[in-house]
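Asks: okay, here's the prediction I keep looking at, along with the sequence it came from:
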Number of protein chains: 2
Amino acid sequence: MRQLLDKPLASAELQAINAYWRAANYLSVGQIYLMHNALLTEPLQPEHIKPRLLGHWGTTPGLNLIYAHLNRVIKQRDQSMMYVIGPGHGGPAIAANAWLEGSYTDTYPDVTRDAAGLQTLFRQFSFPGGIPSHVAPELPGSIHEGGELGYSLSHAYGAAFDNPDLVVACVIGDGEAETGPLAASWHSNKFLDPRTDGAVLPILHLNGYKIANPAVLARIGDEELTKLLEGYGHRPYLVDGDDPELVHQAIAATLDVVLDEIAEIQTEARTNPGTPRRPWPMIVLRTPKGWTGPREVDGVPIEGTWRAHQVPLTGVRTSPEHLAMLETWLRSYRIEELLDADGRPVAELTDQVPAGERRMGSTPHANGGLLTRSLNLPPLSQYAVDVPQPGSGPHEPTRVLGTFLRDVMSANLQNFRVFGPDETASNRLDAIYETTAKAWNAEILPTDEHLATGGRVMEILSEHTCQGWLEGYLLTGRHGWFSCYEAFVHLVDSMVNQHAKWLKVSRALPWRRTIPSLNYLLTSHVWRQDNNGFSHQDPGFIDHVVNKKAEVIRVYLPPDTNTLLVVSDHCLRSRGYINVVVAGKQPQPSWLDHDSAVLHCARGIGVWPWASNDDGDPDVVLACAGDVPTLETLAAVSLLREHVPGLKIRVVNVVDLMRLEPASEHPHGLSDAEFDAIFTTDKPVIFAYHGYPSLIHRLTYRRHNHANLHVRGYKEEGTTTTPFDMVVRNDLDRYHLAMDVIDRVPGLGHRAAETRQWLTDQRARHHAYIVEHGEDLPEVRNWQWPADLS
Amino acid sequence: MRQLLDKPLASAELQAINAYWRAANYLSVGQIYLMHNALLTEPLQPEHIKPRLLGHWGTTPGLNLIYAHLNRVIKQRDQSMMYVIGPGHGGPAIAANAWLEGSYTDTYPDVTRDAAGLQTLFRQFSFPGGIPSHVAPELPGSIHEGGELGYSLSHAYGAAFDNPDLVVACVIGDGEAETGPLAASWHSNKFLDPRTDGAVLPILHLNGYKIANPAVLARIGDEELTKLLEGYGHRPYLVDGDDPELVHQAIAATLDVVLDEIAEIQTEARTNPGTPRRPWPMIVLRTPKGWTGPREVDGVPIEGTWRAHQVPLTGVRTSPEHLAMLETWLRSYRIEELLDADGRPVAELTDQVPAGERRMGSTPHANGGLLTRSLNLPPLSQYAVDVPQPGSGPHEPTRVLGTFLRDVMSANLQNFRVFGPDETASNRLDAIYETTAKAWNAEILPTDEHLATGGRVMEILSEHTCQGWLEGYLLTGRHGWFSCYEAFVHLVDSMVNQHAKWLKVSRALPWRRTIPSLNYLLTSHVWRQDNNGFSHQDPGFIDHVVNKKAEVIRVYLPPDTNTLLVVSDHCLRSRGYINVVVAGKQPQPSWLDHDSAVLHCARGIGVWPWASNDDGDPDVVLACAGDVPTLETLAAVSLLREHVPGLKIRVVNVVDLMRLEPASEHPHGLSDAEFDAIFTTDKPVIFAYHGYPSLIHRLTYRRHNHANLHVRGYKEEGTTTTPFDMVVRNDLDRYHLAMDVIDRVPGLGHRAAETRQWLTDQRARHHAYIVEHGEDLPEVRNWQWPADLS
């Protein structure tokens, strides 16, 4: 690792930047501890101290140091810059800097940049009714919470894509560096185009310790660490020390060099297309944990150890000795030199602050809704497949969707990307490659296809990295589409939690403008994992997302190609949601033409009159949600219509799953009257559902007819087998659905009992056939909706 | 990267090993394609071909090559060895080798090692009623499915811990290497003790492509790749080529060297304690994807490209040309030289097979239940806290549990480990450090505490790596305990899915012996994230696990310290389950003494008579599950008893959540009669639940009294605030629970209305107080269960 020994700061500049750093450190400690006496105008008393001491001091001085020095280079170069803070629990640092630079007061005018505002700033931190302890949505300048570690670097890359003038400084904690998602995301540099994307400057902050342990990367020696970072495609620069003067010089010198290097790489790439990938510079900052805090408390070392992780002095309300140590610590920053008598930062500090939107707390990139431009979407009808009658086709829904996404891409270059873990082609969206390639900045061989630097389809075999890139891209105001195998989207369950929480909190912050929705297409789904089997079968992501706040969650199960198109178009137009769309990629019948699809999706749920014969008064309701359940339901209906001709059947299809929830629980929820009109209040309902049946019960248990609701879905039975055997194993097949109807509709008489036996026999015949032939019964494979029924 | 040019194989040995490899390749292709004519005794016809062509050819020849060469060194050294197959979709390879070595027939006697068995082997692969396409539990010798990528290396380390004589060869696909969990797990080598653990030999298989893209690590050049792997703490050896003879020599030479190096590291460490960590050898195997398969089909290159990923020739049932190519391909292995007329492997092949349990398909380590020894558990009562009356304490449940786990550890060295992402001390289990340290084989500084090579507490800031280690440890028959922040256990949602699926499938395989349960302690839970706030609040892991098969899932919510002890003891004795235990770490009242706790946990649910005054005929049931809900429920009861004295209240506590489900759905489910006896059939039930309320509805919607069930729980409201404010924000507080009772019990009259207003006022007073003082109302903080009520 290269360590620079230049001393670029003149004495006055060094003094000034150190003063700024002292001020930020004081403001950070003040937020953690002080409820009163913010300016230390009187001797510190126990009653000035908050009753609950919360906050993470350990990482804070390092974050403050970096902030101060980034300000210097921003001003010097008029550089557009963002700050992504992996150690997001260093919230006090960012609040302190935002207040010093004025962006905090711009955002929250009641927190004035004076003594009164300082008092508010201190008191509100981690205080009921105040702001949380992390770099949460409440903090201006942030797109990254950092409470759950691992995503800083992928967020930073997401922000940098298509922002050629932006440098995203990204602090990675050495704890975070141990997580899988972070470890994977180092390779993001092979997917960035220096011509049209901005740059990411990773700053690995080795303060040596996590909560209770040393960090791995702090204990493998410089040689191994250097190799690792070079292996990741970086040129690491080391800034190492605990003497502030020396560290100020070292980091200033290093920032000058790395920003020059970044500019050089960009200039070279932008003037000589085809320039091969070069290592990007990065910084390893090795400073003590809890630097400038208490060295030792109660006989044990604090500064530079894991004990500085959170609050280093905990007994200040009861121990006079601790209180005195805190006062000494606070006064060591000589705040009286840094804030004037009114509590305003002195000119020496404010002179260092960049102007306007160059302040990292005021960059519009960190409030992406400000920059969001609506997508230019082509007219949808031109992609619709022709459906002269129900059951036309077959069509491959995602393949058709690919043609739409291709043209969305063409019409929105620089504003739209498609993400997927090596699955865009497998998910049959490959029409997109007619207009753009997959991003790839590593070696390309002649046999490769659709790979190019500057490609706009983002594929790496890491769901975490795809999700992180996409979140970063959305949070900075752009649009995206994530296609994923249904089962493996669970890999990002926890990331979805964090994004949903971010959206939920942001809704209550008027200054945060709404960003585009996070759109998932879950395909290669549970019912058609013929090739991969049991490990690839899990429809539970829907269950997971509906635990989040109703306002931010939408779930769609389009039953065919045209409805998938309509739903996808809707999702791309929406803002501020997490949209989950589940759809198959295999050839399947189409039920609705374009106009019907538009109408059906607008309603979200509806009776399909062409499949029903109930004349407004059904004996039974067959409901379905999802493409395969819809197919099996219609096949069951055709069997029942033939074998139990007098039975009055109503067929209901659900596209928008949240229509099932009461209106009180979800904005899309049907009123009880609407629900009752569709599902009746007293007739049996056989509901064929794509996922785990319990979800339908969970959504509908308050409905009048819930006691008559009988749900079939995935019950965790599967292996590598035929498509129809999958539904048979889970009792979701046409035969079993028809048996369910016969079992639940009273008074069907002798003929129905015979039919029931016939249906049972069909299941046995199916089983014997597949074991013999290895494929489904011809009448199942070739089944078509009888034209005379519509 | 070092590339060895020695040629250790004599000509005959080379011929023999190549013959073995040809046989394994033939058997692999046969499994993918052939339904009949397994020995190619007649010209290939379309009707010999399976109707559905499933399987992954691309990775298979590489897996076969490694298997053959590992056999050689196993025999040569009498080495105990396991094979963990990251590219688990290379199932045909492992089935082929297990059949060749006889372990397949030992496991499944009907699949004989002759022509008839070969026919069965071929037909059953990816065939209905047969075996799945991946290295699933059905395959002998495997502990790792590989369908969801990322866990091979952490599984391998888990298997190696405490097995000092074992070498775990671990093939990592270059696709898998892009995932976060895999990227993180390289650092596992800093947690392995060469004195008492076995060794892991990573074999990074660079066949260059994923499903549709090149692999990142195949395109960064040798220099960066070498640095990366050295940075991970390895010494990489490269085996590179496409000429079988040369590759056989190279991999043989390399395996000789790396196994010598492993032995040398172990000998050195075992004879000189304190030997510093050395880089462990590993292999980079660069061979063509789909090697020995068709070079080109329909004018496009196949071998060596992503097109070889799955089935390279897909038109064989309809295209005579493809059929001919397949026949040429199959005959290229000259199977007639490798199997005798009866279809038995010739002696040249069987002579290469290791003996008995040295065969990788027969190692007992891969069928861990065979090796499982029950834990030696100390008498539980000695750890119980004294509870002279309900509300005694306060006690910190997890801190007390730590003393029990400490002694479990002492009594079961080499058979028990504790896992946690940097949180064992934060979760207050640190008594364990009295008996063992945290594993750490990197640099140790004087200020460090409880770190040592050979420590048995496994801490890395990667939930994925912890989970992978633990799974590997359990699957090889040992016991473990995983403590995790509740919110962040979602990081391993998808890993839990895979483990649950493995357990579910294994239950149906009599030869697979049951392994110890996977035990989670979820603490630092949603209600007490005072410090961290909203990002750390998510109780949805329970919802996630209950979607898995009921037979393998158990969920426990002990309300206090003694019940936590009882539940934990129970989990450590159990086998074959995933046990989720949720418990707090903060000081809290204890309700039950040891004997009562034993009884209550045995029942899993029960009326608490000391808190009830219903005389068998309640006006209302107050139910609770979880420590904080139990506290708030009892506080609500005390308020109601004082303010609404005539009200007859029954208090029900639920420890074993699955007792709520119908007996038909879960083995622990109460019968309807039992449920009705506890919850009544017609009285209001106010249920205070730890997690998302919908889960309780989901579990109970079939119960008679469900319409009267009113659940309070987490509704996704939170921030950094006081503990009581957290329950207030989610309407789970004592005041609100008491209001719920008043609102639902008819005929309480005027006095109750006054009480309701008083309760509302208390909530307002609470709010005003915390905003002013930053901590909870003294009467809330100091509340105690009134002794006169018990």
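Replies: Yes, it's here.
Asks: CA only for contacts and neighbour counts going forward, please
Replies: Noted.
Asks: which elements pack onto the helix or strand where residue A:483 lies?
Replies: In the assignment (DSSP states H and E), residue A:483 maps to strand A:479-485. Contacts defined by 3 or more CA pairs under 8 Å, 6 or more residues apart in numbering or on different chains; DSSP states H and E place strand A:479-485 against strand A:416-420, helix A:463-475, strand A:518-523.
Asks: got a list of contacts for the helix or strand that that strand is followed by?
Replies: Per DSSP H and E, the first helix or strand lying C-terminal to strand A:479-485 is helix A:493-507. Helix A:493-507 is contacted by residues A:136-138, A:145, A:148, A:464, A:467, A:471, A:512, A:514, A:541, A:544-545, A:548-549, A:551-552, A:576-578, B:488, B:490-491, B:493, B:534-535 when judged by CA atoms under 8 Å, 6 or more residues apart in numbering or on different chains.
Asks: if any of these are buried, put those into a ChimeraX selection.
Replies: Here is the ChimeraX command that selects only those of the contacts of helix A:493-507 that count as buried (16 or more other CA atoms under 10 Å in any protein chain shown):
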select /A:136,137,138,145,148,464,467,471,512,514,541,544,545,548,549,551,552,576,577,578 /B:488,490,491,493,534,535
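Asks: what's the closest non-adjacent residue to whichever residue of the stretch 551-700 of chain A sits closest to chain B?
Replies: For the stretch 551-700 of chain A and chain B, the shortest gap (CA to the nearest CA) falls at residue A:698, measuring 5.3 Å. The shortest distance from residue A:698 to any non-neighbouring residue, by CA to CA, 6 or more residues apart in numbering or on different chains, is to residue B:698 (5.3 Å).
Asks: could I get the average pLDDT for the helix or strand harbouring that neighbour?
Replies: Residue B:698 is part of helix B:694-700, with elements assigned from DSSP H and E. For helix B:694-700, mean pLDDT rounds to 96.
Asks: that helix - contacts with which helices or strands?
Replies: Going by 3+ CA pairs under 8 Å, 6+ apart, helix B:694-700 lies up against helix A:694-700, strand B:709-712.
Asks: tell me if residue A:458 really is in a strand.
Replies: Yes. Applying DSSP: H, G, I helix; E, B strand; the rest coil, one finds residue A:458 inside a strand.
Asks: hey, what's it bridged with?
Replies: Beta-bridge partners of residue A:458, counted by DSSP bridges, are residue A:419.
Asks: quick one: residues contacting the closest residue to chain B within the stretch 51-200 of chain A.
Replies: Per CA to the nearest CA, residue A:180 is where the stretch 51-200 of chain A lies closest to chain B, at 3.9 Å. Shown in contact with residue A:180 (CA under 8 Å, 6+ apart): A:150, B:179-185, B:462, B:464-465.
Asks: swap in residue A:401?
Replies: By CA under 8 Å, 6+ apart, the contact set of residue A:401 is A:383, A:429, A:561, A:564-565.
Asks: now swap in residue A:353 and tell me
Replies: By CA under 8 Å, 6+ apart, residue A:353 lies in contact with A:71-72, A:75, A:101, A:359.
Asks: do you know how far it is from residue A:69?
Replies: Distance of residue A:353 to residue A:69, computed by CA to CA, to the nearest Å: 10 Å.
Asks: residues in contact with the residue of the stretch 401-550 of chain A found nearest chain B?
Replies: With CA to the nearest CA, the shortest gap between the stretch 401-550 of chain A and chain B falls at residue A:462, namely 4.5 Å. Residue A:462 sits next to A:184, A:421, B:178-180 when contact means CA under 8 Å, 6+ apart.
Asks: for those residues, give me TSV that also has pLDDT, distance to residue B:155 and secondary structure.
Replies: Formatted as TSV, these follow (pLDDT from 0 to 100; distance: CA to CA, whole Å; DSSP: H, G, I helix; E, B strand; the rest coil):
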residue	pLDDT	distance to residue B:155	secondary structure
A:184	98	18	helix
A:421	94	23	coil
B:178	97	17	helix
B:179	98	15	coil
B:180	98	15	helix
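Asks: test my guess that residue A:87 contacts residue A:172.
Replies: Yes. Here residue A:87 lies in contact with residue A:172, judged by CA atoms under 8 Å, at a distance of 6.8 Å.
Asks: for these two, indicate the residue with more neighbours.
Replies: Shown here are residue A:87 and residue A:172; by other CA atoms under 10 Å in any protein chain shown, residue A:87 has more neighbours (30 against 27).
Asks: rewinding a little: show me what contacts the residue nearest to residue A:698?
Replies: Shown in contact with residue B:698 (CA under 8 Å, 6+ apart): A:694-695, A:697-698.
Asks: one more: residue A:581?
Replies: Taking CA under 8 Å, 6+ apart, we find residue A:581 in contact with A:519-522, A:555-558, A:567-568.
Asks: which members of those are the farthest-apart pair?
Replies: Spanning the widest gap among the contacts of residue A:581 are A:519 and A:558, at 14.4 Å by CA to CA.
Asks: more neighbours: these two, which one.
Replies: Set residue A:519 next to residue A:558 and count neighbours by other CA under 10 Å: residue A:558 wins out with 31 against 22.
Asks: just confirm the more buried one is within a helix.
Replies: No. According to three-state DSSP, residue A:558 belongs to no helix; its state is coil.
Asks: hmm, it is touching residue A:655, no?
Replies: Yes. The criterion here is CA under 8 Å, and residue A:558 meets it with residue A:655 at 5.1 Å.
Asks: identify the contacts common to these two.
Replies: Residues touching both residue A:558 and residue A:655 (CA under 8 Å, 6+ apart): A:625-626.
Asks: name the element residue A:63 belongs to?
Replies: Assigned by DSSP H and E, residue A:63 belongs to helix A:60-77.
Asks: which residues are contacting that helix?
Replies: Residues outside helix A:60-77 that contact it (CA under 8 Å, 6+ apart): A:17, A:20-21, A:24-25, A:28, A:79-81, A:85, A:90-94, A:97, A:171, A:205, A:251-252, A:255-256, A:287, A:290-292, A:352-355, A:358-359.
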